[in-house]
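K.L.:
What follows is a protein structure lacking sequence information:
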């Protein structure tokens, strides 16, 4: 009877320890996957911001947002290293949310800058081309008038 | 002056005016890039922004303060990763010739984004929290960086010439490479030597 009770207690303790270990492992696994997800989205957001900058967009505000996300990701890694997977998940999730929010903003800014640049490009091309044609026409007109005015004087001098 | 000379003057004046009118077209179609070198600056300074007041000798529990800084001259917004590592006198440093990082793991990391010409600086406050000394060696188990306790477990051997337990913090600069979609070592590191006393 006593032996059975002892076996029962040991068995229960073993089950409790197993559950605690499984829970800790699950929290750790979740922390790792959350950190990876946050890291990947931060990198993707940076690429989106870089593309926007390449077409000439002002990305100062977006980089500030990414810096906030990066700082939170650093904190998440520190929490993980300090043995606090739940704290790590918390910070990684906030970082992920900020990065995820920045990505469409970067794409929108890139498209806006591109359309603005295209509009400015055509406006410049048309204005400059019109100016060049105007200069040529004005020069021809002025030359003809000058020639007409100048030739009688020339003939008078010959006479 | 005869008509031909006047024609030449008219032609030159017209060409000059056409050139002026074409400047905006040249501006939007041709890009002029400067040939200046693209690089990143990395520095470690003492608490007063000088190189004269580094903490060089510290007791267990005493807090040392240094400033880390990076400046972007790459001509594009860069995503940096600064890895803080801890070593004794025999563990490997980054290979400056091969431009390879140290194989030691980092205990602290800083992620940040910088526009071209922008500067980033941060405090790095550190202390050795848990260390056990013997005559010939000392084991550093735990350090605290910016208020966060971290395990390191590094054994420092007594330096027979300098008569001290020397350890080093070094900081590797990594750069995010959009082509490979990963960080690569940027070939730059800074370090600071410290003598741990009981």
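P.N.:
Thanks, I have the structure now. Fair warning: this is a prediction, and the values are worked out from it, not measured in the lab.

K.L.:
So what's the predicted local confidence for the closest residue to residue A:27 other than its chain neighbours?
P.N.:
Using C-beta to C-beta, 6 or more residues apart in numbering or on different chains and skipping the chain neighbours, the partner closest in space to residue A:27 is residue A:85 (4.2 Å). Bear in mind the C-beta positions are built from the backbone N, C-alpha and C, glycine included. Residue A:85 is assigned 93 on the pLDDT scale.

K.L.:
Up against chain B, what does chain A have?
P.N.:
Within chain A, the positions lying close to chain B (C-beta under 8 Å from any C-beta of the partner chain) are A:42-43, A:46-47, A:49-50, A:53-54, A:59-60, A:63, A:66-67, A:70-71, A:73-74, A:77-78, A:81-82, A:120-121, A:124-125, A:127-129, A:131-132, A:135-136, A:139, A:142-143, A:146-147, A:150-151, A:154.

K.L.:
and the most centrally placed residue in chain B, what element?
P.N.:
Note on chain B: the residue nearest the mean C-alpha position is residue B:42, at 3.0 Å, using C-alpha atoms, centre = their mean. When elements are assigned from DSSP states H and E, residue B:42 belongs to strand B:39-45.

K.L.:
Just the buried positions in that strand, please.
P.N.:
Using 16 or more other C-beta atoms under 10 Å in any protein chain shown as the test for burial, strand B:39-45 gives B:40, B:42, B:43, B:44, B:45.

K.L.:
helices and strands around that strand, which ones?
P.N.:
Secondary structure elements in contact with strand B:39-45, counted by 3 or more C-beta pairs under 8 Å, 6 or more residues apart in numbering or on different chains; DSSP states H and E, are strand B:64-73, strand B:78-88, strand B:164-177, strand B:182-197.

K.L.:
what packs against the third one?
P.N.:
Here strand B:164-177 is seen to pack against strand B:39-45, strand B:78-88, strand B:119-133, strand B:137-145, strand B:148-159, strand B:182-197 when contacts are counted using 3+ C-beta pairs under 8 Å, 6+ apart.

K.L.:
And the residue nearest to the centre of chain B, what's its pLDDT?
P.N.:
pLDDT, read off for residue B:42, is 97.

K.L.:
residue ranges with poor pLDDT in chain A?
P.N.:
For chain A, the stretches with pLDDT under 70 are A:1, A:19-22, A:24, A:153-159.

K.L.:
for it, what's the longest helix?
P.N.:
helix A:85-158 (DSSP state H).

K.L.:
who in chain B is up against chain A?
P.N.:
Proximity of chain B to chain A is confined to B:3, B:6-7, B:10, B:13-14, B:17-18, B:21-25, B:27-28, B:76-77, B:79, B:107-115, B:148-151, B:176, B:178, B:181 under the rule C-beta under 8 Å from any C-beta.

K.L.:
Please flag which of these sit within strands.
P.N.:
B:79, B:108-114, B:148-151, B:176 (DSSP state E).

K.L.:
follow-up on the earlier one: just the buried residues of the residues of chain A next to chain B.
P.N.:
Buried, going by 16+ other C-beta under 10 Å: A:42-43, A:46-47, A:49-50, A:53, A:59, A:63, A:66-67, A:70-71, A:73-74, A:77-78, A:81, A:124, A:128, A:131-132, A:135, A:139, A:143, out of the residues of chain A next to chain B.

K.L.:
Check chain A and tell me which residue is nearest its centre.
P.N.:
Most central in chain A (C-alpha atoms, centre = their mean) works out to residue A:49, at 2.3 Å.

K.L.:
Please identify which helix or strand holds that residue.
P.N.:
Counting by DSSP H and E, residue A:49 is part of helix A:2-54.

K.L.:
And for residue B:48?
P.N.:
Using DSSP H and E, residue B:48 sits within no helix or strand.

K.L.:
For residue A:115, find the nearest of the helices and strands packed on strand B:39-45.
P.N.:
When the helices and strands packed on strand B:39-45 are compared by C-beta to C-beta, strand B:78-88 sits nearest residue A:115, at 26.6 Å.

K.L.:
partners of the closest one, with directions?
P.N.:
Take DSSP bridges as the rule and strand B:78-88 pairs in its sheet with strand B:108-114 (antiparallel), strand B:164-177 (antiparallel).

K.L.:
isn't residue A:121 right next to residue B:27, touching?
P.N.:
No: using C-beta atoms under 8 Å, residue A:121 is not in contact with residue B:27; the gap is 10.2 Å.

K.L.:
wouldn't residue B:68 be in contact with residue B:171 here?
P.N.:
Yes: if you go by C-beta under 8 Å, residue B:68 and residue B:171 touch, sitting 6.0 Å apart.
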